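> Got a sequence here, can you model it:
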Amino acid sequence: MSDHEHRLRQLIDRMTASGSVRSQPWKDAAAAVPRHEFLRNGFFRPVPGTSPTAWTPVCQGEEGWLEVCYADESLVTQIAGTIKPTDIRGEIMREPTSSSTLPSLVLRMLEDLQVQPGMKVLEIGTGTGYSTAVLCARLGDSNVTSIEYDEEVASQARQTLGRLGMYPTLLTGDGLHGAPQGGPYDRIIATCAVRTVPTAWLQQTRPGGQILTTIGGWLNASELVRLTVHEDGTASGPVLGGQVSFMLARPHQTPPLGVLPDLGRGKQREAALGADILDDWATRFIAQFAVPTAQRLTVHNGQHNDDVLIDTTTGSFAALHQENDRWIVRQGGPDRLWDAVEDHLSRWHAAGTPTLKEATIRVTPAGQNISR
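Alright, predicted model coming up:
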């Protein structure tokens, strides 16, 4: 047994023990896909103790490369939209834009997809092609379509899959539009997060089919959801839990803040809920449905720090600060952002503060909401 085969077997054993791999068909599919093949261009590791995070490349053949390929962790494969590990020496301080997801999450999602032999699957976000390969090993190439936004990333995935003898339908384009030419699909799975589930995905999934995606937002909380598409073109389904975090699809990423509005203006009142409630992941996830285009930041105004929600699309803002044991909120612009957050969370609390796993997401062409 080669070194990589031994490491792959150990990885599958760990994923099985953790419950990420729960059935023999997916265990067999994972065993058929050598992960290191998808990381031959290397990956970036975070430099400990750096803020903002600096990244350093690890390339094929370097000490530790193969070992990390079979570690159960996500590995950054592209920085700033174009930079590969082989492009630099030293360190770089830019934002990651593509990665190879930790294998246990890939297999957990594929198990959660509830796929059966013969089903047609559309994957949004090919990335390195690792998850695409596992799908092909389970379903056969002809039943798998995958679309990738980045042409260079897509080209590398195509080469790697071909080297392994796998030839699914690979497309380059905006996955938010789906791939209507191959639909309708029995399943759609997204390896990027979205703020709102695209209408195109609803239209391209057959009634009774399922969409597995991570819904996130600009308040930086996201969850994996499984939606069943109905005859009327809507979809609904449970939050699966686990604080699953993916990079947002590029068209859904946060816009630049630009020039901030005058936070000293606006109407002021005592807040029923303080800004510290947004330090909780589940609360932020719920609040995002009330203010889906708001971002959160801290601003020092000379007297105290304001915890600010700002909507760059409308110019609306809510600035909160603490005075002794009270929270004061000042709101401006056409929308009252904190009013919306308080109303949404108050109704959630009135329903008994259910856990996210008790929640249902409902999606229509007009929007989406969360309820118990």
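> mind listing the strands for the stretch 251-372 of the chain?
Taking DSSP state E, counting those that start in this stretch as the criterion, the stretch 251-372 of the chain contains strands spanning 267-270, 294-300, 305-311, 316-323, 326-332, 360-364, 367-371.
> mean confidence score for the last one?
Same thing as strand 367-371. Strand 367-371 shows an average pLDDT of 88 in the prediction.
> tell me what it is packed against?
Secondary structure elements in contact with strand 367-371, counted by 3 or more C-beta pairs under 8 Å, 6 or more residues apart in numbering; DSSP states H and E, are strand 360-364. Using the backbone N, CA and C atoms, a C-beta is placed for each residue, glycine as well.
> hey, C-alpha coordinates of the strand it packs on in CSV?
Extracted as CSV, the C-alpha positions of strand 360-364 are listed here (Å, rounded to 0.1, in the frame of the first residue of the first chain):
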residue,chain,number,x,y,z
THR,A,360,-37.6,25.9,8.9
ILE,A,361,-36.5,28.0,5.9
ARG,A,362,-39.1,28.9,3.3
VAL,A,363,-38.0,30.3,-0.1
THR,A,364,-40.2,31.8,-2.8
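> Any figure for the gap between residue 267 and residue 329?
Distance check for residue 267 against residue 329: by C-beta to C-beta, to the nearest Å, it reads 9 Å.
> ok, back up a step: in TSV: the strands of the stretch 251-372 of the chain, plus mean neighbour count and distance to residue 277.
Written out in TSV, the entries for the strands of the stretch 251-372 of the chain read as follows (neighbours: other C-beta atoms under 10 Å; distance: least, C-beta to C-beta, whole Å):
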stretch	mean neighbour count	distance to residue 277
strand 267-270	11	15
strand 294-300	15	12
strand 305-311	21	10
strand 316-323	21	10
strand 326-332	19	10
strand 360-364	18	21
strand 367-371	16	16
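> Export the ones you listed as a markdown table, with columns for distance to residue 171.
Written out in a markdown table, the entries for the strands of the stretch 251-372 of the chain read as follows (distance: least, C-beta to C-beta, whole Å):
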| stretch | distance to residue 171 |
| --- | --- |
| strand 267-270 | 50 |
| strand 294-300 | 32 |
| strand 305-311 | 34 |
| strand 316-323 | 38 |
| strand 326-332 | 44 |
| strand 360-364 | 23 |
| strand 367-371 | 26 |
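> mind checking which of those is nearest residue 141?
Residue 141 lies closest, by C-beta to C-beta, to one member of the strands of the stretch 251-372 of the chain: strand 360-364, at 30.0 Å.
> What strands flank the closest one, and is each parallel or antiparallel?
Here the strand partners of strand 360-364, with direction, are listed using DSSP bridges: strand 235-238 (antiparallel), strand 367-371 (antiparallel).
> can you put those in CSV and add distance to residue 74?
As requested, the strands paired with strand 360-364 are exported to CSV (distance: least, C-beta to C-beta, whole Å):
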stretch, distance to residue 74
strand 235-238, 24
strand 367-371, 26
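> Nearest approach to residue 352 belongs to which of the ones you listed?
Go through the strands paired with strand 360-364 one by one with C-beta to C-beta and the one that ends up closest to residue 352 is strand 367-371, at 12.2 Å.
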